[in-house]
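Participant: For reference, the sequence and a predicted model appear below.
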Number of protein chains: 2
Amino acid sequence: MNFASDSSRRDKRGLRTDERIHGAIYAAIINHQLHPATPLQEDALAGAFGVSRTIIRKVLQRLAHEKLVVITPNKGARVARPTTEEGRQVFEARHTVESEIVRKVARRHDDRGLERLRAIAAEEMKAQVARDKRRRVQLSGDFHRALADLADNAVLAGFVQELVSRTSLIIALYEVPGAVPCSCDEHSEIIDALAAGDEALAIDRMSHHLRHIESQVDLSQTAGGVDFRSLFAPATGEDG
Amino acid sequence: MNFASDSSRRDKRGLRTDERIHGAIYAAIINHQLHPATPLQEDALAGAFGVSRTIIRKVLQRLAHEKLVVITPNKGARVARPTTEEGRQVFEARHTVESEIVRKVARRHDDRGLERLRAIAAEEMKAQVARDKRRRVQLSGDFHRALADLADNAVLAGFVQELVSRTSLIIALYEVPGAVPCSCDEHSEIIDALAAGDEALAIDRMSHHLRHIESQVDLSQTAGGVDFRSLFAPATGEDG
DNA sequence: TCGCGGCAAGCTGTATACAATGATGTTGAA
DNA sequence: TTCAACATCATTGTATACAGCTTGCCGCGA
């Protein structure tokens, strides 16, 4: 039962080169170390990771498919810069998919799984006390992913994975300055409802939680790339 | 507003080489010209399309992201061979996502959009009369994609696109021989409910329609790759 | 005859060289 | 001085060469 039996080149953690590099860039984007619209030049990345552009291109294409990077032909890759409209759509999709996830988990009564969720929630509480924002954000994503994994549907879990990642970018761009960071016992309350098998309550709490996250970003801006047209519009009296 | 203004190499239809090749292989898989598990050798494809392996690898990786192809490290690419469990999950995800799509479209009253759907349904009827099965399958997919496009959410529409493609593979593998092909006025009935703005009815009909499609495949088999682990498990008395 | 080990062929993995494209700055003429 | 055409440079796009992995074949020995 040795899954590492295939002897292709891997690092100590059993990751192939391209997976390792993907993970590194992915994490940097999610952690807001690489900001939206940052150019990702192939040569520079190749140098940084000590590989050729071939590998970097492969990784960038994967990230593009995951919507974290945008590749413009003949011009290169940048960290994605989702528009407010895209943000709206991502949150709407999260409502759709994660409500269903919660419904399914509530019906399953998987105690082992719920324990895992509680462990993550506990870590989150610690990070909150320690005021470690980066870790909180990381763990919050982990919670949603772990919850999705309990729903016994890899397809839906994959969707959640993508949506959670994209949410990171949206928060990076549109988080309102004084936002109260998501009180993380919302997660605990969801777990409680799941443990009680109260499907309707659990869904309700998840909905509320997602609305809460959404309330901490301002998607009312016309932004997502400055619109010079309207910014420098001649004062024709038409624009208020 | 000339979107074709960038002068990078494109064919007559404005497609870049890799997009053209992706489309060709994609179509071949969806149309069941390339069956599940068919090996996709890089050199052979490169020769067939008159390009180098570089392009082919890019295309294969994209198809792998779309779950239509499986790449095994050091062994190459094959057309994906979804398991019955995967099939179950894809249908479940379709229920989740497409129900929401229908809900949103029912609320929008987009007459132009509904006309487009009716046009597709009409074409389907023609194909049914002509007993052109390939075209029917193609158009059926078009219907679901077009419907998704009306929901004003590119994220959800993207999910539907992926799910519809994967459904093609599942049908290729598990369609029961004597299946009555989906009577395509189910599509028309959905459109009617949407036109009437009857949200609940439209969702109900979509659910019914998806169940109908699912009923035409047999996902009860243990197939999709034999599980040697359980098949040859030592008889420790634990397995019943 | 069977089993084991090494060799060879075929394929994928990666690096690199070269071609093509886009951005920028410069020159020259109106 | 302004604008356009051109030259240059940085960067991406594609092909190809070579290295490494996997697998099947063949021969050797028991």
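Facilitator: That came in fine, so what should we check first?
Participant: what about residue A:74, how many residues close to it?
Facilitator: 10 (other Cβ atoms under 10 Å in any protein chain shown). Where C-beta positions appear, they are placed from N, C-alpha and C, glycine not excepted.
Participant: Likewise for residue A:26?
Facilitator: 19.
Participant: what do you get for residue A:36?
Facilitator: By other Cβ under 10 Å, the residues close to residue A:36 number 20.
Participant: Could you tell me which residues make contact with residue A:137?
Facilitator: A:30, A:31, A:168, A:171 (Cβ atoms under 8 Å, 6 or more residues apart in numbering or on different chains).
Participant: any idea how far the closest residue to DNA strand D within chain A is from residue A:64?
Facilitator: In chain A, the residue that lies nearest DNA strand D is residue A:76 (3.0 Å; Cβ to the nearest atom of the strand). Going from residue A:76 to residue A:64 by Cβ to Cβ, to the nearest Å gives 11 Å.
Participant: Equivalent analysis for residue A:140, please.
Facilitator: Counting by Cβ to Cβ, the gap from residue A:140 to residue A:64 is 25 Å.
Participant: you'd agree residue A:100 is in a strand?
Facilitator: No - going by DSSP: H, G, I helix; E, B strand; the rest coil, the assignment for residue A:100 is helix, not a strand.
Participant: Surely it and residue A:157 touch.
Facilitator: No - Residue A:100 is beyond contact range of residue A:157, at 11.2 Å (criterion: Cβ atoms under 8 Å).
Participant: what's the overlap in contacts for these two?
Facilitator: Common contacts of residue A:100 and residue A:157 (Cβ under 8 Å, 6+ apart): residue A:151.
Participant: more neighbours, the two?
Facilitator: Using other Cβ under 10 Å as the criterion, residue A:100 and residue A:157 rank with residue A:100 on top: 24 against 21.
Participant: so what's that one up against?
Facilitator: For residue A:100, the contact set (Cβ under 8 Å, 6+ apart) comprises A:151, A:156, B:96.
Participant: Quick one: neighbours of the closest residue in space to residue A:31 that isn't next to it in sequence, just the number.
Facilitator: Take residue A:31 and drop its neighbours on the chain: the residue closest to it by Cβ to Cβ, 6 or more residues apart in numbering or on different chains is residue A:134, 5.8 Å away. Close neighbours of residue A:134, defined as other Cβ under 10 Å, add up to 12.
Participant: what's the residue closest to the geometric middle of chain A?
Facilitator: The centre of chain A sits closest to residue A:165, judged by Cα atoms, centre = their mean, with a distance of 1.8 Å.
Participant: which SS state does that one fall under?
Facilitator: Under three-state DSSP, residue A:165 comes out as helix.
Participant: Surely it touches residue A:63?
Facilitator: No - with contact defined as Cβ under 8 Å, residue A:165 does not count as touching residue A:63 (9.6 Å).
Participant: hey, where'd the helices end up in chain A?
Facilitator: A:17-30, A:42-49, A:53-65, A:84-108, A:111-129, A:133-149, A:154-174, A:185-195, A:199-215, A:228-231 (DSSP state H).
Participant: Dump those to a markdown table, plus distance to DNA strand C.
Facilitator: What follows is those, written out as a markdown table (distance: least, Cβ to the nearest atom of the strand, whole Å):
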| stretch | distance to DNA strand C |
| --- | --- |
| helix A:17-30 | 5 |
| helix A:42-49 | 7 |
| helix A:53-65 | 4 |
| helix A:84-108 | 23 |
| helix A:111-129 | 33 |
| helix A:133-149 | 27 |
| helix A:154-174 | 22 |
| helix A:185-195 | 38 |
| helix A:199-215 | 35 |
| helix A:228-231 | 15 |
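Participant: any chance of the ones you listed in TSV, with distance to residue B:82 and mean pLDDT too?
Facilitator: What follows is the helices of chain A, written out as TSV (distance: least, Cβ to Cβ, whole Å; pLDDT from 0 to 100):
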stretch	distance to residue B:82	mean pLDDT
helix A:17-30	23	96
helix A:42-49	34	97
helix A:53-65	19	98
helix A:84-108	20	97
helix A:111-129	25	95
helix A:133-149	19	94
helix A:154-174	10	97
helix A:185-195	29	96
helix A:199-215	29	96
helix A:228-231	47	54
